[in-house]
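Asker: mind looking at a prediction? Sequence and model below.
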Amino acid sequence: MKILAVDYGDARTGLAISDVSELLATPLPQIEEKSMNKAAAAILQQAQQQKAEMIVVGLPRNMDGTEGSRATKTRKMAAILERDGGLPVCFWDERRTTVTAAAQLSEAGTFGQKRKGILDSVSAAVILDSFLAWRKNHPDQMPQL
């Protein structure tokens, strides 16, 4: 099954897609949109173009596991995606994914404007990689966040 991962942000939203075998997570061009409804429409357009069958949304939690205003906005975005997209939507804990993505880009020698243009999509790929690893051991389950 092809799965689309979303790292939702106020100005930029990162996207990544899995292959059908759920082994690889590939970053897609990020969405530069501040309007939640326009960002949701662009995400769903990518889901359709990529033939995604599920959407995984990174849920930003505080380090102690609590949720703040960013998580509330993300839950609202996910509700729009589920309502308008007709695809199953689940959440995945995204704590430290941006740190991991930044480290990967540093190792690859990617800095400056180029880094800014792909960081959120690399973060979405980190979210998706983690979700796919979990799914291997829980093939018929959905995470509960």
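Answerer: Arrived safely.

Asker: rest of the way, CA atoms for contacts and neighbours
Answerer: OK.

Asker: any weak-confidence spans in this protein?
Answerer: Scanning the chain for pLDDT under 70 picks out the ranges 95-119, 145.

Asker: could you pull out the helices for it?
Answerer: Listed in chain order, the helices found in the chain under DSSP state H are 36-49, 69-85, 97-107, 112-137.

Asker: okay, those helices, which one's buried deepest?
Answerer: Mean neighbour counts were taken over the helices of the chain using mean count of other Cα atoms under 10 Å, and the top value, a mean of 20, falls to helix 112-137.

Asker: for the closest residue in space to Lys34 that isn't next to it in sequence, what are its contacts?
Answerer: For Lys34, the nearest residue in space outside its immediate sequence neighbours is Ala11; the separation is 4.6 Å by Cα to Cα, 6 or more residues apart in numbering. For Ala11, the contacting residues are 32-34, by Cα atoms under 8 Å, 6 or more residues apart in numbering.

Asker: on that earlier part again, need the helices of the chain in JSON lines with distance to Ile55, can you?
Answerer: Formatted as JSON lines, the helices of the chain follow (distance: least, Cα to Cα, whole Å):
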{"stretch": "helix 36-49", "distance to Ile55": "8"}
{"stretch": "helix 69-85", "distance to Ile55": "8"}
{"stretch": "helix 97-107", "distance to Ile55": "17"}
{"stretch": "helix 112-137", "distance to Ile55": "10"}
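
Asker: nearest approach to Ile17 belongs to which of those helices?
Answerer: Between Ile17 and the helices of the chain, the shortest separation by Cα to Cα is 7.5 Å, and it involves helix 112-137.

Asker: surely Val122 and Pro29 touch.
Answerer: No: at 9.7 Å, Val122 does not count as touching Pro29 under the criterion of Cα atoms under 8 Å.

Asker: list residues touching both of these two?
Answerer: Contact with both Val122 and Pro29 is made by residues 14-15, according to Cα under 8 Å, 6+ apart.
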